[in-house]
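Asks: take this sequence and fold it.
(one chain, ligands or ions: 1)
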Amino acid sequence: MCGIVGYVGPRRDDRAQQVVMEGLARLEYRGYDSAGIALVADGEVATRKAAGKLANLRAALENAPLPPSAAGIGHTRWATHGGPTDANAHPHRGGTDGRLALIHNGIIENFHSLKTELLADGVEFTSETDTEVAAHLVARAYEQTGDLTEAMRAVVNRLEGAFTLLAVHADAPQTVVGARRNSPLVVGLGDGENFLGSDVAAFIGYTKQAMEMGQDQIATITPTSVEVIGFDGQPAQGARFEVTWDAAAAEKGGYATFMEKEINEQPHAVGDTLLGRTDSAGALVLDEVRISEDELRAVDRIVIVACGTASYAGMVAKYAIEHWTRIQCEVELAHEFRYRDPVIGANTLVVSISQSGETMDTLMAVKHARELGAKTVSICNTHGATIPRESDAVLYTHAGPEIAVASTKAFLAQITACYVLGLYLAQLRGGTHADEAQAVMRELAQVPEKIETLLGQMDRVKEIAYFMADTRSVLFLGRHVGYPIAMEGALKLKELAYIHAEGFAAGELKHGPIALIEPGQPVFIVVPGPDTPHGLHHKVVSNIQEIRARGARTLVIAEEGDEDVVPFADEVIRIPATPPLLAPLLSVVPLQVFALELATAKGLDVDQPRNLAKSVTVE
Ligand code: M6R
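Replies: Coordinates of the predicted model:
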């Protein structure tokens, strides 16, 4: 939820501030309630903090510049304990004359008892945060040991909850210490300088060499060394990796917003996620799935756990996975799964879907599934993130960095990866659909071009969005794989445009929601292609007639050449023809564009909508 960056270099100059501020700009998508920076210089720690977006911190630095420094830490916040004020912004100070500064991502669950202890000892608090407790504790431990790493270690072993902590001390002008438990932290390995970040975006402008930190580990970085130990004090090793994208991928590249850029990157997101999944004979191979073929053949139930948009990707995938594998597949919101005593066995495959790989609800669900004996596969877009590391296997989506809070290209990549997994399982198990796997992969390979075509036809959708800028409520209907797309269309509109929006299964309409229809009510309808089995196309066309008869304004998403919808549609938005199970990869695109444009027409910040953050690392 919060963004964290740390830097240490060889010289005292303005580079530390520059690196930290640039890192914060790249991490601002993680939280944007307030921001702050601490630099070590002249035997003291100097800090600046400001409520609001990063621009406010920049202004504060211009008004009161910080001294040259070789080491610094910075933080961009999504408030949990205490509102988004200057006082609650990180870094927090601890120790005599505030000689230690500390930043934090996560929640310290036992902060109240620790704070009571500190208050009884006469410690004065200046904020309402749980973080300040850690700052005072580490500072006090340092005063006893004179060693920042040991001080951090003594404290993390007393903390409960999820946290990444970074600390600097006035006595150590070229050292930053970071610790993590259930919250992300990566090391950036530079040439004569080193970095710490919530994710690699923090330092991608400076190095592509990175190192994953394991659970319950502490890293101490200096300009020339990176030392990692466990919370038990034993030396530990991180896994090194090279970041496969560069700084340009995390910039807007000429688009007005990250969201617009990411929508336009969707053909690549799907195409890249399909790359390298088949051998020269066309058979599916999944190098990243390190669960034995025998174990996968024995799977008798699949449970997909995810949150938000990722859960809708799972709902889409359920239709395809059950069809291809004949294995029962359920989709559950990760936070509900974790706390309802689910029935899970050794032959259950729990598939988590997460763009960030850090969503705490999903992480907890995966851990619980493993405790119950299930095999776990993570579908994830972020290399080295916590969820893939805590899973038995991972299938990376290759959507590239997704910066906008509203998920778009990751959604398409998640559906694609789920389909690859489903087809792989079908192939392993044999049977009728095993033979189809290669044919479906060929059809999937055509999808990127179809998305590209579709993106070139969005002018009318943009116009509709601008005309509807004052709309107070929009409904979305879909059936079969179009049902989760209706839910996703509604979620995009809620989170970006702050208007009432609801997605329904079209078949459910007559069981209640049709009462909402009044003259002029806009309703998007995602129409299954005419080839969809069981006559679903005609059933949805009938639904359109039913709501039109009651005055709804019908905005119909239908395949090229589907003329049946024309008499009942106020607007027809065409998508290229594609097999029914692949249609969601196309039908969601106009809904993403609609939400983006309507929010833009309302003058809203589409990349950083209110109250939200990109990765939700608290439960
Ligand atoms: O990083 P994750 O994929 O685990 O995130 C899950 C949801 O928080 C996320 O999809 C959220 O719903 C998006 N803001 C929707 O656009």
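
Asks: where do the strands sit along the stretch 1-150 of the chain?
Replies: Along the stretch 1-150 of the chain, the segments classed as strands by DSSP state E, counting those that start in this stretch run 3-13, 34-41, 44-51, 69-77, 92-94, 100-108.

Asks: what pairs with the fourth one, parallel or antiparallel?
Replies: Taking DSSP bridges as the criterion, strand 69-77 sits next to strand 3-13 (antiparallel), strand 34-41 (antiparallel) in its sheet.

Asks: now the end-to-end length of stretch 187-204.
Replies: 11 Å (CA to CA, to the nearest Å).

Asks: how about the strands paired with strand 69-77 in a markdown table, adding mean pLDDT and distance to the ligand?
Replies: All C-beta atoms are positioned from the backbone trio N, CA, C, and that covers glycine. Formatted as a markdown table, these follow (pLDDT from 0 to 100; distance: least, CB to the nearest ligand atom, whole Å):
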| stretch | mean pLDDT | distance to the ligand |
| --- | --- | --- |
| strand 3-13 | 96 | 14 |
| strand 34-41 | 95 | 20 |
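
Asks: highest mean neighbour count out of those strands?
Replies: strand 34-41 (a mean of 27; mean count of other CB atoms under 10 Å).

Asks: from the chain's centroid, how far away is that one?
Replies: Taking CA atoms, centre = their mean, to the nearest Å, one finds strand 34-41 lying 26 Å from the centre of the chain it belongs to.

Asks: put the alpha carbons of it into CSV.
Replies: Extracted in CSV, the C-alpha atoms of strand 34-41 (Å, rounded to 0.1, in the frame of the first residue of the first chain):
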residue,chain,number,x,y,z
SER,A,34,1.3,11.9,2.0
ALA,A,35,5.0,11.6,1.4
GLY,A,36,8.3,12.2,3.2
ILE,A,37,12.1,11.8,3.0
ALA,A,38,15.0,11.6,5.4
LEU,A,39,18.6,12.1,4.5
VAL,A,40,21.7,11.5,6.7
ALA,A,41,24.1,14.4,6.7
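
Asks: just to revisit the earlier point, out of the strands of the stretch 1-150 of the chain, nearest to Thr362?
Replies: Between Thr362 and the strands of the stretch 1-150 of the chain, the shortest separation by CB to CB is 15.3 Å, and it involves strand 100-108.

Asks: the closest one vs strand 34-41, what angle?
Replies: Between strand 100-108 and strand 34-41, the angle comes out at 150 degrees (axes from the mean of the first three to the mean of the last three CA atoms, to 10 degrees).

Asks: what helices or strands is strand 100-108 leaning on?
Replies: The helices and strands touching strand 100-108, judged by 3 or more CB pairs under 8 Å, 6 or more residues apart in numbering; DSSP states H and E, are strand 3-13, strand 34-41, strand 44-51, strand 69-77, strand 92-94, helix 131-145, strand 161-169.

Asks: try 7 Å this time
Replies: With contacts taken as 3 or more CB pairs under 7 Å, 6 or more residues apart in numbering; DSSP states H and E, strand 100-108 sits against strand 44-51, strand 69-77, strand 92-94, helix 131-145, strand 161-169.

Asks: model confidence over stretch 370-379, on average?
Replies: The pLDDT scores in stretch 370-379 average 96.

Asks: if we can go back for a sec, could you provide the strands of the stretch 1-150 of the chain in a markdown table, with additional columns for distance to Ala549?
Replies: Shown next, in a markdown table, are the strands of the stretch 1-150 of the chain (distance: least, CB to CB, whole Å):
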| stretch | distance to Ala549 |
| --- | --- |
| strand 3-13 | 51 |
| strand 34-41 | 52 |
| strand 44-51 | 52 |
| strand 69-77 | 51 |
| strand 92-94 | 61 |
| strand 100-108 | 51 |
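
Asks: the strands paired with strand 69-77 into TSV, with extra columns for distance to Phe504?
Replies: As requested, these are exported to TSV (distance: least, CB to CB, whole Å):
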stretch	distance to Phe504
strand 3-13	36
strand 34-41	38
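
Asks: those strands: which one's closest to Gly253?
Replies: strand 3-13 (20.9 Å).

Asks: so how far is Phe111 from His136?
Replies: 11 Å (CB to CB, to the nearest Å).

Asks: with neighbour numbers in mind, choose between those two.
Replies: Applying other CB atoms under 10 Å to His136 and Phe111 shows that His136 carries more neighbours, namely 26 against 20.

Asks: how much space separates the more buried one from Val123?
Replies: Taking CB to CB, one finds His136 at 5 Å from Val123.

Asks: over to Lys208?
Replies: 42 Å.

Asks: ditto for Lys614
Replies: On the measure of CB to CB, Lys614 and Val123 end up 34 Å apart.

Asks: neighbour count for the two, which is higher?
Replies: Remark: of Lys614 and Val123, Lys614 carries more neighbours, 26 against 16, as counted by other CB under 10 Å.
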